[in-house]
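Asker: Could you work out the structure for the sequence below:
(chains A and B)
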Amino acid sequence: AQKVTQAQTEISVVEKEDVTLDCVYETRDTTYYLFWYKQPPSGELVFLIRRNSFDEQNEISGRYSWNFQKSTSSFNFTITASQVVDSAVYFCALSEADNAGNMLTFGGGTRLMVKP
Amino acid sequence: DSGVTQTPKHLITATGQRVTLRCSPRSGDLSVYWYQQSLDQGLQFLIQYYNGEERAKGNILERFSAQQFPDLHSELNLSSLELGDSALYFCASSVTGERETQYFGPGTRLLVL
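Answerer: Residues are numbered from 1 along each chain as shown, chains lettered A, B, ... in the order given. Model prediction:
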């Protein structure tokens, strides 16, 4: 069965610091998809990125970057020069291609607090 | 704004009651998903519909049921409510329901007293 672990339940940084959120996953499938979602204090879930298991290229989008390593089953998320607006709960999620449908299995989330 | 709408935003009810949560997917999306977010269980997948048919089922209680209508909107019915059903219920949608990004609505916050 698939599983996603976000070992860091809470991280606190000061504005402009870099911060990395860890995500480790377990799956028996060779084809799967990994996601990151952001949940700001207002409560909605905002999609950030989707990665398939065959694409191990790291991705950068502005201050956000993602490091996907199949060898360690990790999909870590780094925010560079953090800002107060980055304060949110961040969820890593996994979807297995062999499952009927498209269900997401979420990690427990990491609460990021960026202090001014 | 993801384009997924959910009503109501907040719902307060009593134990034993029944409520209906409504979701309208993004324009063009055929698949709808329901998730429950609670403090003790985290974010859990409940059920998925594709073009009116049930596609996948997760940890959905027997007291809960859902359906997707011909206009593609979906309803999640929660009955015989218990205190533990208090949670944030999310709806998400995607185009075909296979190997895709799901876009989430703002959620319905349910409080059972």
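
Asker: What residues does chain A have near chain B?
Answerer: Residues of chain A lying close to chain B (CB under 8 Å from any CB of the partner chain) are A:33, A:35, A:37, A:42-47, A:50, A:52, A:91, A:95, A:97, A:99-106, A:108-109. For the C-beta atoms, the positions are set from N, CA and C on the backbone; glycine is no exception.

Asker: try 7 Å
Answerer: A:33, A:43-45, A:47, A:50, A:91, A:97, A:100-104, A:106, A:108 (CB under 7 Å from any CB of the partner chain).

Asker: mind checking which helix or strand of chain B has the lowest mean pLDDT?
Answerer: strand B:53-57 (a mean of 93; mean pLDDT, DSSP states H and E).

Asker: That one packs against which elements?
Answerer: strand B:42-50 (3 or more CB pairs under 7 Å, 6 or more residues apart in numbering or on different chains; DSSP states H and E).

Asker: picking up where we left off before, just the buried ones from the residues of chain A next to chain B?
Answerer: A:33, A:44, A:45, A:47, A:50, A:91, A:101, A:102, A:103, A:104, A:106 (16 or more other CB atoms under 10 Å in any protein chain shown).

Asker: Model confidence for the third one, exactly?
Answerer: The confidence metric pLDDT takes the value 96 at residue A:45.

Asker: ok, now which ones touch it?
Answerer: The contact partners of residue A:45, taken as CB atoms under 7 Å, 6 or more residues apart in numbering or on different chains, are A:37, A:39, B:90, B:104.

Asker: distance of the residue nearest to it when sequence neighbours are not counted from residue B:6?
Answerer: In space, and not counting its chain neighbours, residue A:45 is closest to residue B:104: 3.9 Å by CB to CB, 6 or more residues apart in numbering or on different chains. For residue B:104, the distance to residue B:6 (CB to CB, to the nearest Å) stands at 9 Å.

Asker: what do you get for residue A:38?
Answerer: Relative to residue B:6, and taking CB to CB, residue A:38 is found at 18 Å.

Asker: now swap in residue A:24 and tell me
Answerer: 31 Å.

Asker: between those two, which one's more packed in?
Answerer: Neighbour totals were compared for residue A:24 and residue B:6, and residue B:6 leads with 21 against 16 (other CB atoms under 10 Å in any protein chain shown).

Asker: What residues does chain B have near chain A?
Answerer: B:31, B:42-43, B:45, B:48, B:55-56, B:58, B:88, B:90, B:94, B:97-104, B:106-107.

Asker: Any buried residues in stretch B:58-68, and which?
Answerer: B:58, B:60, B:64, B:66, B:68.

Asker: Among those residues, which has the minimum pLDDT value?
Answerer: residue B:58 (91).

Asker: Mind listing residues that contact the worst-scoring helix or strand of chain A on mean pLDDT?
Answerer: Ranked by mean pLDDT, DSSP H and E, the weakest helix or strand in chain A is strand A:59-61, scoring a mean of 89. By CB under 7 Å, 6+ apart, the surrounding residues in contact with strand A:59-61 are A:49, A:65, A:66.

Asker: these two touch, right, the last one and residue A:49?
Answerer: Yes - with contact taken as CB atoms under 7 Å, residue A:66 and residue A:49 are classed as touching, separated by 5.7 Å.

Asker: Pick out whichever of those two has more residues nearby.
Answerer: Neighbour tally, residue A:66 and residue A:49, criterion other CB under 10 Å: the higher count belongs to residue A:66, 20 against 17.
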